[in-house]
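Chemist: Structural data only, the sequence is not supplied:
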């Protein structure tokens, strides 16, 4: 069973951006918020280990929005993130 949830994704992103999870708008471009490719890759690795084993960097980089990432990961883990 995956330990990934929408709240976990939001918390992981907030941790990297040093902000409160509630501050992140699901449709906000996280690159504009300061997320860079190195941190993005660290999220990919963290979420692969947590159950989204087929997650790839381009899955997140092409649309760097939390709402989109949640949908992508839900599809990969076969449930609700």
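Modeler: Thanks, I have the structure now. Worth saying up front: this structure is predicted, and the values here are computed from it rather than measured.

Chemist: three-state assignment of residue 64?
Modeler: With DSSP: H, G, I helix; E, B strand; the rest coil as the basis, residue 64 sits in coil.

Chemist: Check whether residue 29 really touches residue 61, as I assumed.
Modeler: No - the criterion here is CB atoms under 8 Å, and residue 29 misses it with residue 61 at 11.5 Å. (Glycine included, C-beta is placed from N, CA and C.)

Chemist: Run through this protein and note the low-pLDDT ranges.
Modeler: For the chain, the stretches with pLDDT under 70 are 1-2, 79-81.

Chemist: can you give me the strands for it?
Modeler: Taking DSSP state E, the chain contains no strands at all.

Chemist: Let me see the ranges of the helices in the chain.
Modeler: Per DSSP state H, the chain carries helices over the ranges 6-17, 37-49, 57-61, 66-77.

Chemist: Any idea how many residues pack against residue 4?
Modeler: Around residue 4 there are 23 other residues, counting by other CB atoms under 10 Å.

Chemist: And for residue 8?
Modeler: 17.

Chemist: same deal with residue 7?
Modeler: So residue 7, with other CB under 10 Å, has 11 neighbours.

Chemist: The nearest residue to it once chain neighbours are set aside and residue 29, how far apart?
Modeler: Distances taken as CB to CB, 6 or more residues apart in numbering put residue 21 closest to residue 7, at 7.6 Å, once the chain neighbours are dropped. Counting by CB to CB, to the nearest Å, the separation of residue 21 from residue 29 is 17 Å.

Chemist: okay, the two: which has more neighbours?
Modeler: Set side by side, residue 21 and residue 29 show more neighbours around residue 21, with 16 against 11, by other CB under 10 Å.

Chemist: so who does that one touch?
Modeler: Applying CB atoms under 8 Å, 6 or more residues apart in numbering to residue 21 gives the contacts 7, 10-11, 13-14.
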